[in-house]
Structure formats: C-alpha cells, structure tokens
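Colleague: For reference, the sequence and a predicted model appear below.
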Amino acid sequence: MSSDHQTLALLLFSAFIAVTLAITTWVSRNRHGSAEEFYAGGRLFSPMENGFAIAGDYMSAASFLGISGLIALFGYDGMLYSVGFLVAWLVVLLLVAELVRNCGRFTLADVVAARMSERPVRIAAGTSSVTVSVLYLVAQMVGAGSLVSLLLGGNSGASQVFAVIGVGALMVVYVTLGGMRATTWIQIVKAVLLMAGAITLTVLVLVRFHGNFNLLLNTAADRSGHGVKFLSPGLKYGGDWTARFDFISLGLALVLGTAGLPHILSRFYTVPTARAARRSVVWSIGLIGAFYLMTIVLGFGAAALVGSDAVRKSNAAGNTAVPLLAMDLGGGAGSTGGTVLFAVVAAIAFATILAVVAGITLASSASVAHDLYASLKRRHAKQHSEVAVARVAAAGIGAVAIALGLLAKDMNVAFLVGLAFAVAASANLPVLLYSLFWRNFTTRGAVWSVYGGLVPAIVLVLLSPVVSGSPESLFPGMDFQFFPLQNPGLVSIPLGFLAGWLGTVTSAEPADAARHAETEVRSLTGAGAV
Amino acid sequence: MEKDEGRESAEVRLDDPWYDALASGWGELNEAGSGVPAAVPAQKSPEPGRSAADIYLEVQASAAFQEVRSRYRRFVVPAALAFLAWYVAYVVTATTAPGFMARPVAGAVNVAMVAGLGQFLTTFLLTWAYARHARLRRDRAALDLRWDTQELTRGITR
C-alpha cells in the first residue's frame, strides 16, 4: 500500500468524522434532555428515514468486507451468510416490529415487563440485552482495529490499539452528546454512503463483464483455483459433520438473532406508529436485500478480477477483497483511479463501523439506565435523571468495549458476530415471542427463558474449541473443551424456548388475564402507545 | 417491487406526515375491510367505576378485536412457518447434499445459485404480500379499535 492511499484515506476519514460531529452538535442544539429525546429521538422520524437508519444500523463492516471476502475465498459458502442475514428480516417484519412498537417505550424489557412482575423481568432482560450488545460491540471494535491497520498499512499492534481507542472515544461522544437523534442521522448518512459505494463497484464489475453474469461466475471459478466446486456449497463448511452442524447452528442463529438484537428493536421506537414501523422495515428490507445481492457480485468479482490467491495473500480472512477489487476496478495499483476508489472504500468501511457502534452503545446504555439502574437502585437513593445515568452508562460501556476489544483483538470477527446473534436468539427472542403470543406465559417463565438461553449460550462457548483445546483457541495452552461446535445456537436456542415453557408450566401463580388482554389489545391496535 | 412499495410509502408520507390516517387504498380498503364488525366499545358509553383492566378485557373479547387478531394470525403464522421451513431446508440441503446443489441448471448457474437467489426473491415477495395484507385488511380496523379503546381508557389512565 503506497502512502497516497493512506493520505487520501485519512483525509476522507477525517472528513467523515468532521461531518458526523457537526451533525451531532447541530441536532443537539436547543434540546432538553428528556428520555423520549435521548432514547427515541423524539419518535418523529419518517418511515423512509428510519428504514435507511435501520439498514445503516444493520449492515456492518463484517457484511461489507467480511461476506464479500468469504465469497472471494470460498465461493458459494460465503453466500449462505448473505441469505441468512436477509431472511432474518422476515421474522422482524412479521412477528416483532409492529407489536414491539405498540407496547414498548424504549427497550425490549418494556415489552415483557408490561404483563409481568416488573423487577425480576427487567433485570433479566436488561442483563441479556447488555450482554448481547457488548459482544456485538467487541466484534465491531476488533473489526475496526484490524480494518484500519490493514487499510492504512501499519500492521503493527500500535495502529490497531489506536484505532480501537479512537473508535470507542468517538462513539461515546456521538451518543452522550447527540443521543438517538444524532445516532440516527449518522446511520442514515452511512447507509447512503455504503449503498452508493456498493452500487458503484457493482456497476463497474458488471460493466467489466459486459453484463454477462455467467461469464463473471465462470471467470471467478477459473481464477479461484477450485474450478466448478467454487460455485456450489461445501468448500468451507463441507468437511466433517462437526463443520456441517456448526454451519446449521450459525444459520439458525443468524435468522433468529436479528429479531433479538437490542439496537435493532430500539430503532422501532423512533417512529410514531406501528404502521410507520412496518413501513420502515419494508424500506430496510429493500435496502438490505439489494445490498446483500451486491455483496455476491462483489465477492465473485473479487475472485474473478483480483484472484483468490491475491486476496488470501493480503489478508488470510479475506477482509481486504473489496478494497483490492476497488483498486483493480479503478485502474490498478498506482493509478489515480485505483487510489481514489481504494481510499473511498476504506472510508466507507470506517463510516460503517462508527455508525454501527454508535447504535449499539445507545441501545445498551438504554438497557443499563432504563432497565438495570431503574430496577436496582435503592429506593431512597439520591434521584438522578435517567438520561444522566444513560450518558454515564454510555461512557462506561465505551470503556468496557475498548478494554475487551483490545483483549480480543486477535479473534475472528465473523465468529464474534455469530456469537452475539446466537446469544440474542437464545436469550431475547424466546421471551419476546412468548410474551407477545402466549396467553399463559408467566413471570417465572419469562425469567427462566432469559437465563435459560443466556447461560447455556455463554457456557457452551466457554467449553467450545473457540476458547480452548485447539491451536486457534483463545487459550491454546489449556484444554477444557467439551462442546464440539463453535456456535452454540443449535443447542441454546431450543433451550431458551424450553426453559420459558418449563418455567411457565411450573409457575405457582397463573398468568394475569387482564394484563395479557392489555398487551394483546395494545400490541395489535396501538391503543395507549407512546 | 420493494422500490415500488417504498415509493408508495413515501407518497403516503407526504399526505400524512406522522399520524395514522390512511391516505391511500381507501377504495380497496372499504371493499376488503367491509366484513369488520363495528368496534364494540363504541356502542357503550363509558360507565364510571370501570377499571382499565375491565376495558382491555372487554375490548379483547369484542368481535372487532377478535377479527383483527385472527386476520393477523391467519396470515403471519402460516407465512412464518413456511419461510422458516424453506430457509432451514435450504441451509440443511446446502450442508448435507452439496452434490445435488452442484447440478448445473443453465451455464454456470447451478441449483445452489437458483436456491440462494430464490431465497432473496421469496423474501421480497413475502414482504410485499405482508405489507399489502396489513394495509388493506388490518390497518383500518386496528385504527378504529385504537381510538375507541383510548376513548374508553382516557379518564382512567390520565
């Protein structure tokens, strides 16, 4: 990488940071710090704005760089991710978005606590939401660190450390100063940039192949070194049965986890009605679907134009496939076009990470202040406003994420993302679906289903080859591996549902029919929605 | 198709910036939604001494609400089961039967590629169908119930 790239990329990074900080100060002028304003941005975003913001919140650098990279290296197996990440939105659209908008205020726990005994349910749902957010945040921070050091050439540990600290500091600034309003606008700007970048590259790839998709696939297969096998599943996940079950487990986690991600759920509260929430999801499905279709073209394009070997040589995980493709499409290394496109792609990836981490930090600070602090504080403790607590929590979560991000900086980003989705699907989704759809669900069932999904998911990961027992583990020297799969979803998601059912049928007190009626009427009609 | 849906929502938004008043699809809606019974709460005048819990139980038992709920569930439950089954079948086939997935269809395009792009297509189609169903068959009735319920609970909750 020449110094031209670095200078230009740094300039674009700085421009993006300047623009987002300007947005943050602009939108937070003359705003009083109400909870409505801080967590939900005043609830007056339009469906189109919120649709773009949801897409901006969801499409992480792991998708843009990671999935295209996986396709460039393993062909079809990378495409399985694209499918899972999109299909997951049907769960959100059909079962979650409108109902959550109607019965909640700021967080997932609001929905569950509406018909349960409030304190235990809030503590449980708050804990699992914070856990999911922190895992996802660490994944993004690690991604930011490796991305910046890769793109700026400095493969030393120092640039990675600075990138993690810088991203962490920026996200705390955005969230504490601007709240949901600033975060939303940053996500909208990022979604537009990301779509524009992806469309440009896709068009350039297709033009290079004269619009002939068949030729693109054949060239990709030829240059990958795998031949026709490159175009069918099995290169990455086709080994032994452990690898296959691992992939099925990941597939389940991807499709069921999205609906349990706290930062996605909190986006529905930024629009005024359930109808608007539905229309924002329709917008975001259009955007996200188009984006993942383009990642497929970009991945095969990188294999065809750059070649799988060249991609692998630059970064073993394939994360640099898209930047390399951009350089090739712009005219090759050393050309002006190549330099500019490369720097633009790097800046877009950076913008992506900043927007995603801001959204997660905001959602987890809401869980800390609105759920945990409000339930755990001593009754006669000095009254702090909830928003002040949320601001402090955002700073605290930022610090935790920086520390964990530095600790985990050598872990695989895709694995961390898969883990966050698995925990969300095991701990958050069962309790959410049960409370929205099951008449007899009780407080005990709710608490059991959260912990019954959360604890197995975490324990199974600790006992998996990720942590010990293999050369790539976190602690390669130790061996307490017991569970063969890397992703716990296949076991922990059913356990979450089972625990919720078990807790409910063994409850001493029956479900409160009146509060169930209230939840059902409110969720389907919007009566009494804030 | 998604774009059309989105553009349509954008147009709707111009007419009703935030509130739920339905600005499009009135004609179709009256036709399709004519089977909805009048919202029950509207027939009764609020009696003093009723609690919010009573009102919600009463609304829940009303024919209008039952109709909205069954319309929602009759669409969502089969649709959710169908797409989950189709997705799981796709993932399981991709991991257990790569030979079948590798069979060529046309040129370099094989069964796996068709199935993967089919997942995209069905997602878009189902999104469109759901949004249309909700707009035409559910929104109007739900909105009526919302105002009636809020009218009944107003004195109690505030």
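Modeller: Yep, that arrived. All values derive from a computational prediction rather than experimental measurement.

Colleague: For the longest helix anywhere in chain A, buried residues please.
Modeller: When chain A is parsed with DSSP state H, its longest helix is helix A:118-151. Across helix A:118-151, burial judged by 16 or more other C-beta atoms under 10 Å in any protein chain shown covers A:118, A:120-151. C-beta here means a position set from N, CA and C on the backbone, and glycine is covered the same way.

Colleague: And stretch B:53-63, by the same measure?
Modeller: B:55-60, B:62.

Colleague: what residues are up against B:V92?
Modeller: Going by C-beta atoms under 8 Å, 6 or more residues apart in numbering or on different chains, B:V92 touches A:I248.

Colleague: Might you list the low-confidence residue ranges for chain B?
Modeller: For chain B, applying pLDDT under 70 flags the ranges B:1-49, B:156-158.

Colleague: ugh, typo on my part, it should be chain A
Modeller: Ranges of chain A meeting pLDDT under 70: A:1-4, A:30-32, A:151-157, A:378-384, A:412, A:414, A:472.

Colleague: In contact with the residue nearest the centre of it, which residues?
Modeller: Residue closest to the average C-alpha location in chain A (C-alpha atoms, centre = their mean): A:Y58, at 5.3 Å. For A:Y58, the contact set (C-beta under 8 Å, 6+ apart) comprises A:85, A:258, A:264, A:284, A:288.

Colleague: how much space is there between it and A:F421?
Modeller: For A:Y58, the distance to A:F421 equals 11 Å [C-beta to C-beta, to the nearest Å].

Colleague: residues shared between the contacts of the two?
Modeller: A:T258.

Colleague: related to what we said a few turns ago, which ones among the buried residues of stretch B:53-63 also lie next to chain A?
Modeller: By C-beta under 8 Å from any C-beta of the partner chain, the members of those lying near chain A are B:56-57, B:59-60.

Colleague: hmm, which two among those are most spread apart?
Modeller: Taking every pair in these and measuring C-beta to C-beta, the maximum separation is 7.5 Å, between B:L57 and B:V59.

Colleague: Quickly list what's touching both of those two.
Modeller: By C-beta under 8 Å, 6+ apart, B:L57 and B:V59 have these common neighbours: A:A517.

Colleague: ranges for the strands of chain B?
Modeller: B:104-106, B:109-110 (DSSP state E).

Colleague: A:T273 against A:R101, yeah?
Modeller: Yes - in this structure, A:T273 is within contact of A:R101 by C-beta atoms under 8 Å, at 7.2 Å.

Colleague: who has more neighbours, those two?
Modeller: More crowded of A:T273 and A:R101, by other C-beta atoms under 10 Å in any protein chain shown: A:R101, with 29 against 22.

Colleague: list the contacts for the residue nearest to that one when sequence neighbours are not counted?
Modeller: Spatially, and ignoring its direct neighbours in sequence, A:R101 is nearest to A:A277 (3.9 Å; C-beta to C-beta, 6 or more residues apart in numbering or on different chains). Remark: with contacts taken as C-beta under 8 Å, 6+ apart, A:A277 is in contact with A:47, A:50, A:97-98, A:100-101, A:268, A:271.

Colleague: Tell me which stretches of chain B form helices.
Modeller: B:2-15, B:26-32, B:52-61, B:63-96, B:98-101, B:111-137, B:139-157.

Colleague: Now for A:V192: which residues touch it?
Modeller: Contacts of A:V192 (C-beta under 8 Å, 6+ apart): A:F52.

Colleague: in what helix or strand does it lie?
Modeller: In this structure, A:V192 sits in helix A:179-208 according to DSSP states H and E.

Colleague: Over to A:D57?
Modeller: helix A:47-58.

Colleague: so how far is that helix from its chain's centroid?
Modeller: 13 Å (C-alpha atoms, centre = their mean, to the nearest Å).

Colleague: Going by neighbour count, list what's buried in that helix.
Modeller: Quick answer for helix A:47-58 (16+ other C-beta under 10 Å): A:47-58.

Colleague: contacts for whichever helix or strand comes after it?
Modeller: Note on helix A:47-58: by DSSP H and E, the next helix or strand toward the C-terminus is helix A:61. Among residues not part of helix A:61, those counted as contacts by C-beta under 8 Å, 6+ apart are A:140, A:143-144, A:147, A:349, A:352-353, A:356.

Colleague: ok, the helix or strand where A:P494 lies near chain B or not?
Modeller: Taking DSSP H and E as the definition, A:P494 sits inside helix A:489-505. No - judged by C-beta under 8 Å from any C-beta, helix A:489-505 stays clear of chain B, getting no closer than 11.2 Å.

Colleague: Could you list every helix and strand in contact with that helix?
Modeller: helix A:241-257, helix A:413-423, helix A:429-437, helix A:443-462 (3 or more C-beta pairs under 8 Å, 6 or more residues apart in numbering or on different chains; DSSP states H and E).

Colleague: Switch these over to a markdown table; also include mean neighbour count.
Modeller: Output for the helices and strands packed on helix A:489-505, formatted as a markdown table (neighbours: other C-beta atoms under 10 Å in any protein chain shown):
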| stretch | mean neighbour count |
| --- | --- |
| helix A:241-257 | 22 |
| helix A:413-423 | 26 |
| helix A:429-437 | 24 |
| helix A:443-462 | 24 |
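
Colleague: Output the ones you listed in JSON lines; the columns should cover distance to A:V345.
Modeller: What follows is those, written out as JSON lines (distance: least, C-beta to C-beta, whole Å):
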{"stretch": "helix A:241-257", "distance to A:V345": "25"}
{"stretch": "helix A:413-423", "distance to A:V345": "17"}
{"stretch": "helix A:429-437", "distance to A:V345": "34"}
{"stretch": "helix A:443-462", "distance to A:V345": "33"}
